[in-house]
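Show me how the following folds:
(chains A and B)
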There are 2 protein chains.
Amino acid sequence: MKLDKNLKILIVGLGLIGGSYAAALSADGYRVSAIDTDPAAIEFALTKQWIERGAAKPEPDLLQEADLVIFALYPHVIVNWIAEQQANMKSGAVLTDVTGVKSCIVYDVQAILRKDLEFIAAHPMAGKEVYGVRNSDPAIFRDANYIVVPTDANTFAAIELCKSLGDTLGFARISSLPPRAHDEMIGFVSQLTHMIAMCLMTCSKSEHLVDYTGDSFRDLTRIARINENMWSELFLLNKDALLRQMEKFSAEFSDLYEILKNGDEQALKEKMRQSTARRALFNIATKEDKQE
Amino acid sequence: MKLDKNLKILIVGLGLIGGSYAAALSADGYRVSAIDTDPAAIEFALTKQWIERGAAKPEPDLLQEADLVIFALYPHVIVNWIAEQQANMKSGAVLTDVTGVKSCIVYDVQAILRKDLEFIAAHPMAGKEVYGVRNSDPAIFRDANYIVVPTDANTFAAIELCKSLGDTLGFARISSLPPRAHDEMIGFVSQLTHMIAMCLMTCSKSEHLVDYTGDSFRDLTRIARINENMWSELFLLNKDALLRQMEKFSAEFSDLYEILKNGDEQALKEKMRQSTARRALFNIATKEDKQE
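Numbering: from 1, shown residues only, chains lettered A, B, ... in the order given. The predicted structure follows:
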């Protein structure tokens, strides 16, 4: 099952990501509609011709005609939204999402879902330090990763449809992970890094640093501009996995501290060689290689 | 006193930074020569016409004619090099460097220096994850910071000459800090960030992460490819300052861990707001604003 231009797509939540989905899909000839509680967001997307139709509340006819429903909402509202609105959905419709944490959502949704609907979770690993539909831009999907997060309950057809959505949106790499493994990995590569970036900004009163910083500090703190409503929710929903990643990082950081304190040049160099080798490996197949 | 095209400039050490200085200065019409122990590095710079003359050892005539001598060597060799070669230097010559740590060098050099020479320290905050003269590129100075690091012994004329060098090289911001304050600041914005980037790569066997990482992990680990000879030396030479910065970071990281562990949403949001406000302030006057 592939994404097909006859399918009607409904996006629920027109923020940065929902808007970027709408922009990418409409530019590619897909028929997109949207629901968002903010009439100005709907108006903006209509003016941009990113959507054909839109509404500030869950209009039954928008729901009834949608073959694919994409939820780009805050995690805590998705389950209730589906519980309340699924009666109006088209039989056979596929539902997906864009949420950054999975275990806490996907099982709850699948447990309450009508048997003739299917929910397949996905995580587009793309974003910006700014938000809202006015900042939407499908270019954020280029060079980025799209992860399909199926459970044992999902069908092959829905998994393929979801991968096909990632392809259509223009993601560079499409992969698949089960929910628990996804949340562990995200706790490391995304949440821990945001925690570190925040920590660099809050551990020092740094108003006067701008004259002295090189690219390294700017790189490590770019993501320190953080939407506190969204990220506090994501951190708390993935608390156990993130705490484990923080513990692992702290233990290694303490080792490095001791090595430096002891002036152990050989051990320090060995850590640097290990770091360099792993990062070089990591660069393979990413955009950085093209730059270097 | 300003940099003047009649001045003869000698660069000692033709690595990534020394080579980039030579390229920038020669392109701007300055007369540049160089000394490097590697004849291939000299040959490369001659072929590129970055230098007029070069030698693989300290030829007395190159030293005798130089008005400005720029040391782009590993920190541990600078003091001895000057002690051994200063007898051949031109009276009134100004000496400067590019070293990333200062307290451990500048006082030693000034203590042994002939009274008719002057050493003024400088730190060009620019680099790459690759090294050697073949990777030299004056573009790395654009958008970057250049810090003059004078002591009480320096003259106004030499400080001005050194700032003028930074201007000529194309640095975006030129500032000044005394050695101790410089080293504290560098311990935070540069060395701590390199330690964190290394730690992210060494705390987890991360060979398979490439499929899942977003820009955040790539940004935080770009500098994890690290020249272990140079950076271990820089870390150990600035050990006390770096240990203090690591302690400050660890204490704040532990606070964030406790906040998350307690599920304290309000405290977490407050940290995020603080981080966002500081980082936004920090962006002012940097290239990121132009991008956003």
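
Quick check: end-to-end length of stretch A:42-61?
Taking Cα to Cα, to the nearest Å as the measure, stretch A:42-61 stretches 16 Å from start to finish.

Kindly report the same for stretch A:27-43.
18 Å.

cool, stretch A:34-54 as well?
Terminal residues of stretch A:34-54 lie 5 Å apart, using Cα to Cα.

tell me the mean pLDDT over it?
Mean per-residue pLDDT for stretch A:34-54: 98.

Just the residues contacting that stretch, thanks.
Here stretch A:34-54 makes contact (Cβ atoms under 8 Å, 6 or more residues apart in numbering or on different chains) with A:10-15, A:18-19, A:22-23, A:26, A:31-33, A:55-59, A:62, A:132-134, A:136. Backbone N, C-alpha and C define where each C-beta goes, glycine included.

Next step: these restricted to helices.
Residues from the contacts of stretch A:34-54 lying in helices, with DSSP state H as the criterion: A:Gly18, A:Gly19, A:Ala22, A:Ala23, A:Ser26, A:Leu62.

which of the residues in stretch A:50-68 are buried?
For stretch A:50-68, burial by neighbour count (16 or more other Cβ atoms under 10 Å in any protein chain shown) applies to A:Trp50, A:Ile51, A:Arg53, A:Gly54, A:Ala55, A:Leu62, A:Leu63, A:Ala66, A:Asp67, A:Leu68.

Over to stretch A:165-172?
With burial defined by 16+ other Cβ under 10 Å, the residues of stretch A:165-172 counted as buried are A:Leu165, A:Gly166, A:Thr168, A:Leu169, A:Gly170, A:Phe171.

how about those in TSV, adding distance to chain B, pLDDT and secondary structure?
As requested, these are arranged in TSV below (distance: Cβ to the nearest Cβ, whole Å; pLDDT from 0 to 100; DSSP: H, G, I helix; E, B strand; the rest coil):
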residue	distance to chain B	pLDDT	secondary structure
A:Leu165	18	97	helix
A:Gly166	12	97	helix
A:Thr168	19	96	helix
A:Leu169	15	97	helix
A:Gly170	15	96	coil
A:Phe171	11	95	coil
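
tell me which of the buried residues of stretch A:50-68 is nearest to B:His182?
Distance to B:His182, by Cβ to Cβ, is smallest for A:Trp50 among the buried residues of stretch A:50-68, at 50.4 Å.

The longest strand seen in chain A vs helix A:16-27, what angle?
Looking across chain A with DSSP state E, the single longest strand is strand A:118-125. Relative orientation of strand A:118-125 versus helix A:16-27 (axes from the mean of the first three to the mean of the last three Cα atoms, to 10 degrees): 100 degrees.

between the helix or strand that comes right after strand A:118-125 and strand A:118-125, how many degrees?
Following strand A:118-125 in sequence order, the next helix or strand is strand A:145-149 (DSSP states H and E). Taking the same axes, to 10 degrees, strand A:145-149 and strand A:118-125 form an angle of 150 degrees between their directions.

For strand A:145-149, buried residues please.
Those would be A:Asn145, A:Tyr146, A:Ile147, A:Val148, A:Val149, for strand A:145-149 by 16+ other Cβ under 10 Å.

name the helices or strands packed onto that strand?
Here strand A:145-149 touches strand A:118-125, helix A:156-169, strand A:173-176, helix A:179-186, going by 3 or more Cβ pairs under 8 Å, 6 or more residues apart in numbering or on different chains; DSSP states H and E.
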